[in-house]
Structure formats: C-alpha cells, structure tokens
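*Asks:* Have a look; sequence and predicted model below, questions after that.
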Amino acid sequence: MTRPESGGSGDPARLPVEVRRSARRKRTVSADIRDGVLRVSIPGHFSPSQERQWVERMVERMSAKYLVQPAAEGETALRRRAESLARQYLGGRGVPATIGWVTNQTTRWASATPAHRSIRLSHRLQGMPAWVVDYVILHEMAHLIEPSHNAAFWDLLTSYPSTGTAKAFLDGAAFAAHRNLTGAPEEY
C-alpha cells in the first residue's frame, strides 16, 4: 500500500507509505522513515482492514513523534516566540534584542552574544520538532543572563521540562548528520 498523493515534506503524515508484509513477523508492527518514505512492517497474516488500521495508527504515532515545524519563522515571529518562552520559563528575563536564522553555523546549533543581546539560530534547526527549537532558544537566552555553562546557567533551564530530551535529540541528530544516517525504526 503506497499513498502516491502524499508529498515529501518531512511530515510523516504527508510522506508516501510503503507497507512490508513479513511471514516471520507474528505480532509486532514497526515503522521507520527511510529515504523520505514511511515504511510500516506488519505480519503477513494481517487482513486489509488490519493493515489499514495499523498504517493509520503508525502514521499518527510517527507524526506525533516527529512533529515538524512549518516553514522558517521570520525575525518578528522568532522574537515573539522568545518573549513567550522567556515569560514562561525565565521569569521574563533573557529576551534578545535580535534573533534570527543564519546559514553559516555548521558546527553549532545556535550562538548568543550577550553584549549585543543577539541570538543566531542555525538553519539546520528548521524542520526539527518545535520543543527542540524551543530548548535551543531557551539555552541561548540563558546565555544572555549567564554567559558560561556553570551551575547558575543550568539552573535557568531546569523549568523547561524537555531540556534533557531535547539535548539527547540534538546529540542524536548531530551523530546521525556526521554519519549520514536516517531515522531509527519504531517497534510497537
């Protein structure tokens, strides 16, 4: 089953779907994204109705897991986002004077210059889950308050519930990028 009407936007709900039936697979269903295709592996004995149900379920799960942002925000939208994050997690502190996307950062996700109260976000963050980008923005805003990675700096980020998960996500993305890898399979 392939959905040819789907586009290749990176959003799992819009990717083409390829269903793989396996005689060896008895109960488990898995999904992964490879080369712009959402691959769903199911037991060979599933009926067409079961196949449809599981494909829909896996598309929903993968979409929730890899929720992708829309097109890149402009500086005004980024500033509003930073202001909202600062209010919610930093007591209103750390709002940058300028924040924007740059294409010249290939080894960092972002950078901040406390003296100018500016934040630059790598274009490589575009398309990552919103909660990851929020963490990066908060991380850089924390640098506007506390320039070094000392205990006071990390204390500023404790109120953001996705700090640990976002750091791990970025570590995994960096690892995969340096090795030209794609997403890992999902087993259910």
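*Replies:* Nice, I can see it.

*Asks:* only C-alpha atoms for contact and neighbour calcs from this point on.
*Replies:* Will do.

*Asks:* what separates the residue of the chain most remote from its centre from residue 165, distance-wise?
*Replies:* In the chain, the greatest distance from the average C-alpha position (Cα atoms, centre = their mean) is reached by residue 45, at 34.5 Å. Here residue 45 is placed at a distance of 37 Å from residue 165 (Cα to Cα, to the nearest Å).

*Asks:* Same question for residue 21.
*Replies:* Relative to residue 165, and taking Cα to Cα, residue 21 is found at 33 Å.

*Asks:* Pick out whichever of the two has more residues nearby.
*Replies:* residue 21 (16 against 13; other Cα atoms under 10 Å).

*Asks:* In contact with the more buried one, which residues?
*Replies:* The contact partners of residue 21, taken as Cα atoms under 8 Å, 6 or more residues apart in numbering, are 41, 42, 43, 44.

*Asks:* okay, now the domains of this protein?
*Replies:* Following automatic domain parsing, one gets these domains for the chain: 12-68, 75-179.

*Asks:* lowest average confidence, helix or strand, in this protein?
*Replies:* Counting by mean pLDDT, DSSP states H and E, the chain has its least confident helix or strand at strand 186-187, which shows a mean of 48.

*Asks:* Quick check on the spatially most central residue of the chain: phi, psi?
*Replies:* Closest to where the C-alpha atoms of the chain average out (Cα atoms, centre = their mean) is residue 129, at 2.6 Å. Main-chain dihedrals, residue 129, degrees, to the nearest 10: phi -60, psi 140.

*Asks:* again, but for residue 106
*Replies:* When quoted as degrees, to the nearest 10, the phi and psi of residue 106 stand at phi -110, psi -10.

*Asks:* How about residue 174?
*Replies:* The phi/psi pair for residue 174 (degrees, to the nearest 10) reads phi -70, psi -40.

*Asks:* measure it to residue 106 for me?
*Replies:* From residue 174 to residue 106 the distance is 10 Å (Cα to Cα).

*Asks:* same question, residue 96
*Replies:* Here residue 96 is placed at a distance of 22 Å from residue 106 (Cα to Cα).

*Asks:* Repeat that for residue 124.
*Replies:* 8 Å.
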